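A.B. asks: return a 3D structure for these sequence lines:
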Amino acid sequence: MIFLFPFFFFQQIIWVKATDAAGWSPRWGHTSVVAQNRIWVIAGGDERIWKNDVWYSFNGIDWFLAIDSSPWTPRHGAVSLVRNDTLWLFGGCDQNGFKSDVWFSPDGINWEKRIDSAPWTPRWGHRIVLFHNQFWLLGGEDRNLNLKNDVWYSEDGRDWHLATPSADWSPRCRHTALNFRNKIWILGGTDGRVRNDVWYSEDGRNWILANSSAQWPPRSCYTAAVFQDKIWLGGGLDSLNLRNDVWYSEDGINWEEALPVAPWSRRRCNTLVSFDNRLWVLGGNDGTPRNDIWYTSGLSVSEDTFQKILSPQIFPNPFSKSTLIRYRSQEKEKISISVYSILGEKIKTLIKENVISGGYTIIWDGRDDKGKEVPKGIYLLRFSLAKNNYLFPLIKI
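C.D. replies: Numbers count the residues shown, from 1 in each chain. The predicted structure follows:
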C-alpha cells in the first residue's frame, strides 16, 4: 500500500521544551496574554492556593515577577485581554465565590478597578474577545452553577450592554473563543456534554453554525490561538481523558490534525499563545499542576519553496523493518532529509547533499545514526531545503 501525505500534514510542528520549571509556581486556571513584546502569566493556582501574582517574560524562559499580590483577589478561571498594550482582567472565581469585577493595568504592576460588579452575573469559565475594539463576553457558569449563553459587550469595561440574552449556541462554560478574520468564534466547551461544535458571528448577536461536529474530539478546559492566519488549539479535557493533540484550521470549519500526541503531557487548563513567531503552551494540570513551557520550532510554511518537492511517496507506512521514500526535486538545490523523534531529537540523517532535478529513492531501515534499532512509535521525516523545513509522519510498528 502506498501512503501519500499532503504537503501541509504535520507542517513543521516540532515542540521544544523552553523550561521544565518557570519562575512562577506550578498552576492551572491561569490566563496568558501577549503584550509589550512579552508573554504574561496572570493568576491561577494549584487548588490549595490561588494566586493574584503577575509574571512576564521576553523569551519564554527567563521570568520576572511584576507583582506578587495584585489588588484584585487571588483567583482562577479569570479572563485576561490586551487592548492598546494595556492588560485587562475580567471575573473568575476566588475563595468567596464567582466574580464580575473588571481591572486594568498599563504595566502589570499598577492595577485599577474599572468596576466592582458588572451587570453580567458573576461567573467563571466564560470567555471574552476583543472585537471591533470592544470587549465581548460569551457564556460561562454563574454562582448558582447555571450555564450561560448570554453575550455582553463594552467599550470601556465599565458600561456593559446585553447583545443577546440567549445566543444560538447552547449555554456552556470552559469553551474557547477568539477573533478570527473579523468574526467572533466559539469552539467546544461543555453544556452538560462535552462539545466540538464551532460557531461564528459577524456582530455578536446573530450566530452561524460553522461545524456541528469538528474533526477534533470534543473537549473543554483548553485555549486556542490565531497563528499565521490559522486557528490552533491543543490539549484540554474530553469526556474522560486529558489530551495533548494539536489541531489547526484555515477557515474555522475544516480542521487538520497537526500532531496526535505532543511531547508535553496530556493536560487541561493550559494556555496557548502566539509569540515571537511561535506557538507556546504554558502550564496546566496533567494530574499535577505544571509550570513547564513548550514552544514550536518554526511553523512557517513557504508554499512557493515547497512546490519544488513533489509530494513524497512513503511505503510501507506504517512499517516494521524499513520504509522506502521517493521524492522529486524540480531544480538543483541543497537538500537534507532526516528522521526525528516526536520530541524533536534527531534520530538519523538519511541524506545531506546537493541534488539536481529528478527523482530519488532512499530507504530508512528503522535504525539511528549509531546503527541501533529504534523502538516502535511515531517519527517525523524532515525535508530541509532553502532554509525551510517540512515534516511528514513515519509510524514504526
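
A.B. asks: list the contacts of residue 173.
C.D. replies: By C-beta atoms under 8 Å, 6 or more residues apart in numbering, residue 173 lies in contact with 123, 124, 125, 126, 139, 140, 141, 147, 148, 189, 190, 220. C-beta coordinates here come from the backbone N, C-alpha and C atoms, glycine included.

A.B. asks: hey, what's the last one bridged with?
C.D. replies: What that stands for is residue 220. Using DSSP bridges, the bridge partners assigned to residue 220 are residue 237.

A.B. asks: TSV for the contacts of residue 173, including pLDDT and distance to residue 55?
C.D. replies: Formatted as TSV, these follow (pLDDT from 0 to 100; distance: C-beta to C-beta, whole Å):
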residue	pLDDT	distance to residue 55
123	96	25
124	93	21
125	95	23
126	97	23
139	98	28
140	97	25
141	96	27
147	98	31
148	98	30
189	98	27
190	97	29
220	97	25
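
A.B. asks: closest to residue 337 among those residues?
C.D. replies: Closest approach to residue 337 among these (C-beta to C-beta): residue 220, at 40.0 Å.

A.B. asks: still on that earlier bit, and the contacts of residue 173, which is closest to residue 75?
C.D. replies: For those, the minimum distance to residue 75 (C-beta to C-beta) is 8.2 Å, reached by residue 124.

A.B. asks: if we can go back for a sec, check the contacts of residue 173 against residue 65 and report the nearest one.
C.D. replies: Nearest member of these to residue 65, counting by C-beta to C-beta, is residue 124, at 24.6 Å.

A.B. asks: any idea what sits nearest that closest one, other than its immediate chain neighbours?
C.D. replies: Spatial nearest neighbour of residue 124, chain neighbours left out: residue 77 (3.3 Å); criterion: C-beta to C-beta, 6 or more residues apart in numbering.

A.B. asks: for that neighbour, phi and psi?
C.D. replies: For residue 77, the backbone dihedrals (degrees, to the nearest 10) come out as phi 70, psi 20.

A.B. asks: my understanding was that it contacts residue 30; is that so?
C.D. replies: No: counting by C-beta atoms under 8 Å, residue 77 does not reach residue 30; the two are 9.4 Å apart.

A.B. asks: partner strands of the helix or strand harbouring residue 33, parallel or antiparallel?
C.D. replies: Per DSSP states H and E: residue 33 is located in strand 31-35. Sheet pairing of strand 31-35 (DSSP bridges) gives strand 38-42 (antiparallel).

A.B. asks: which is the next helix or strand following the partner strand?
C.D. replies: strand 54-57.

A.B. asks: what sits up against that following strand?
C.D. replies: So strand 54-57 is contacted by 22-24, 36, 38-43, 63-67, 70, 87, 105, 108-109 (C-beta under 8 Å, 6+ apart).

A.B. asks: swap in 10 Å and give it another go.
C.D. replies: Strand 54-57 is contacted by residues 18-19, 22-25, 30, 32-43, 63-70, 80, 87, 89, 105, 107-109, 111, 275, 280, 282, 291, 293 when judged by C-beta atoms under 10 Å, 6 or more residues apart in numbering.

A.B. asks: and these, which are buried?
C.D. replies: Buried residues within the contacts of strand 54-57, defined by neighbour count using 16 or more other C-beta atoms under 10 Å: 18, 22, 24-25, 30, 32-35, 38-43, 63, 66-67, 70, 80, 87, 89, 105, 108, 111, 275, 280, 282, 291, 293.

A.B. asks: thought the residue nearest to residue 124 was touching residue 125?
C.D. replies: Yes: counting by C-beta atoms under 10 Å, residue 125 is a contact partner of residue 77 at 5.8 Å.

A.B. asks: between the two, what contacts are shared?
C.D. replies: The contact lists of residue 77 and residue 125 share 29, 91, 92, 93, 98, 140, 141, 173, 174, 221, where a contact means C-beta under 10 Å, 6+ apart.

A.B. asks: whichever of those end up buried, select them in ChimeraX.
C.D. replies: Remark: buried members of the shared contacts of residue 77 and residue 125, expressed as a ChimeraX selection using 16+ other C-beta under 10 Å:
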select :29,91,92,93,98,140,141,173,174,221
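
A.B. asks: ok, the residue nearest to residue 190 when sequence neighbours are not counted - contacts?
C.D. replies: With C-beta to C-beta, 6+ apart as the criterion, residue 190 has its nearest non-adjacent residue at 4.3 Å, and that residue is residue 220. The contact partners of residue 220, taken as C-beta under 10 Å, 6+ apart, are 125, 172-176, 188-191, 193-196, 236-239, 268-269.

A.B. asks: show me where the stretch 201-350 of the chain has its helices.
C.D. replies: With DSSP state H, counting those that start in this stretch as the criterion, the stretch 201-350 of the chain has helices at 303-306.

A.B. asks: need the strands for it, in chain order.
C.D. replies: Ranges of strands within the stretch 201-350 of the chain are 207-211, 223-227, 230-237, 242-249, 255-259, 271-275, 278-285, 289-296, 309-315, 323-329, 333-341, 346-355, based on DSSP state E, counting those that start in this stretch.

A.B. asks: what is the burial count for residue 226?
C.D. replies: Neighbour count for residue 226, taken as other C-beta atoms under 10 Å: 14.

A.B. asks: next one, pLDDT for residue 366 please.
C.D. replies: Looking at residue 366, its pLDDT is 95.

A.B. asks: burial check on it, number of neighbours?
C.D. replies: Applying other C-beta under 10 Å, we find 21 residues neighbouring residue 366.
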